[in-house]
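Participant: how does the following fold in three dimensions:
(one chain, ligands or ions: 1)
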Amino acid sequence: MTKAGKRCLVIDKRDHIGGNVYTEDVDGIQVHKYGAHIFHTDDEKVWKYVNRMVKFNHYINSPVAIYKDEIYNLPFNMNTFSRMWGLKKPQEVRDKIDSQIAELHITEPKNLEEQALSLVGPDVYEKLIKGYTQKQWGRECRDLPAFIIQRLPLRFTYDNNYFNDRFQGIPIGGYTGLVEKLLENIDVMTDTDFFEYRKEHPDMYDRVLYTGMIDEYFDFCYGHLEYRSVRFETERVEEPNYQGNAVVNYTDQEVPYTRVIEHKHFAPEAEQENPKDYTIISREYSEEGHPGMEPYYPVNDEKNNALYEKYRELADREENVLFGGRLGSYQYYDMDKVIAAAIELARQERARYADKTVQKKETNALKQGTQENKCSRSGD
Ligand code: UDP
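Facilitator: Residues are numbered from 1 along each chain as shown. Now for the predicted structure:
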């Protein structure tokens, strides 16, 4: 929009830019403050877009899963299956999974448990999915939507790449550099509450793109949408290599955290250039979101999706305010999908501004204020 001649202001209530992709230099290591972010996309347009901002390294995500005293490669592939069953050939593995699945008689998976079982059978489900998923979502697998597990590839090759996408990597020097570049020539106010700011400056903008929680925008008038939150326990450890991998998942129920991230392994190029005899790790604890906690994952079950639809209707009626991002659209979006949606939105906005009559109408609408569409607290 800046390129299209608009003046843009970015407001963030945190004391830094970048939202959840923010990375912080801690003793020379880029720490992913709000959890591991691994950029991957199959969309060439998005890949080119981010590469205009910053160079990416060749990081390929290959997480490891620890279940009690057993260790497996992820995603589910021949390395996982050969370790689990001592089988070597893909056909043997297919036969094994097929025979396990046949006994279950699931025709149409209705939830995450049935989806997982009918995809990989009970052995893999019990060891690598059930515990992790229940910790991650704080809900039984049979109470979760099937689509969550469809994110994970299932392969009959010896390939530990977590993603099927053609393009993958981490920005060299961290994500904050990417966001700084993105915000060039744009006004930025951190430590600022959007709602307060708008109250004080109601006439300062033509259009707003709101990326906070959509339910908060409408004062939770229909009730709260549910979010999962994450608590990170970050620690400097005085050894050069703590776990040998950037991401290690703990898939049993007994270990209270879901995964441990070792940040330096996201940037092997930095370690090569400047080897360190210490490392920084983060243990990730998944928690139910409560007011005041950071919302991370929308819980896209039927109940919440129905509630979201009610907010969506209000949002559609809200003049001159656009809603975007994971929280603004209550979707379990990956970074590349958010960027693709933003590029498309910007295209629509530019087309809209090209039509001069729209500008006139907007100015008039603004004068009437944007608050009228809020639903009443009694819930209309
Ligand atoms: N999952 C699992 N075991 C694992 C890793 C993931 O069962 O070791 C499931 C789990 O239900 C999780 C989903 O796959 O919510 C998606 O995982 P992903 O790693 O894509 O989630 P994110 O990185 O977005 O937290």
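Participant: burial count for the closest residue to Q253 other than its chain neighbours?
Facilitator: Nearest non-adjacent residue to Q253, counting by Cβ to Cβ, 6 or more residues apart in numbering: G131, 4.3 Å away. Glycine gets a C-beta too; all of them are placed from N, C-alpha and C. G131: 21 surrounding residues under other Cβ atoms under 10 Å.
Participant: next secondary structure element downstream of the strand or helix carrying G131?
Facilitator: Using DSSP states H and E, G131 maps to helix 131-137. Under the assignment DSSP H and E, the closest C-terminal helix or strand after helix 131-137 is strand 167-169.
Participant: nearest spatial neighbour of C141, skipping sequence neighbours?
Facilitator: If the residues on either side of it in the chain are set aside, C141 comes closest to E113, at 3.8 Å by Cβ to Cβ, 6+ apart.
Participant: same check, this time on L112
Facilitator: L112 sits nearest to L144 (Cβ to Cβ, 6+ apart), 3.9 Å away.
Participant: spit out the contact partners of that neighbour.
Facilitator: Listed by Cβ atoms under 8 Å, 6 or more residues apart in numbering, the contact set of L144 reads N111, L112, E113, T133, W137, D301.
Participant: and the most centrally placed residue in the chain, what pLDDT?
Facilitator: Closest to where the C-alpha atoms of the chain average out (Cα atoms, centre = their mean) is D334, at 4.8 Å. pLDDT recorded at D334 is 95.
Participant: tell me the spacing between it and the ligand.
Facilitator: Separation of D334 from the ligand (Cβ to the nearest ligand atom, to the nearest Å): 7 Å.
Participant: please report phi then psi for the spatially closest residue to that residue that is not a sequence neighbour.
Facilitator: Distances taken as Cβ to Cβ, 6+ apart place H40 nearest to D334, at 7.4 Å, with adjacent residues excluded. Backbone torsions for H40, taken as degrees, to the nearest 10, come to phi -150, psi 140.
Participant: who is H40 paired with across the strands?
Facilitator: Counting by DSSP bridges, H40 is bridged to Q168.
Participant: ok, now which ones touch the residue nearest to Q253?
Facilitator: So G131 contacts Y67, T251, D252, Q253 (Cβ under 8 Å, 6+ apart).
Participant: repeat that for 10 Å
Facilitator: Y67, K68, C141, N249, Y250, T251, D252, Q253, E254, V255, T258 (Cβ atoms under 10 Å, 6 or more residues apart in numbering).
Participant: can you check the pLDDT for it?
Facilitator: Reported pLDDT for G131: 97.
Participant: what do you get for N364?
Facilitator: For N364, pLDDT reads 55.
Participant: ok, C375 next?
Facilitator: pLDDT recorded at C375 is 67.
Participant: element containing I281?
Facilitator: According to DSSP H and E, I281 maps onto strand 279-288.
Participant: return the distance of that strand from the chain's centre.
Facilitator: Strand 279-288 sits 15 Å away from the centroid of its parent chain (Cα atoms, centre = their mean, to the nearest Å).
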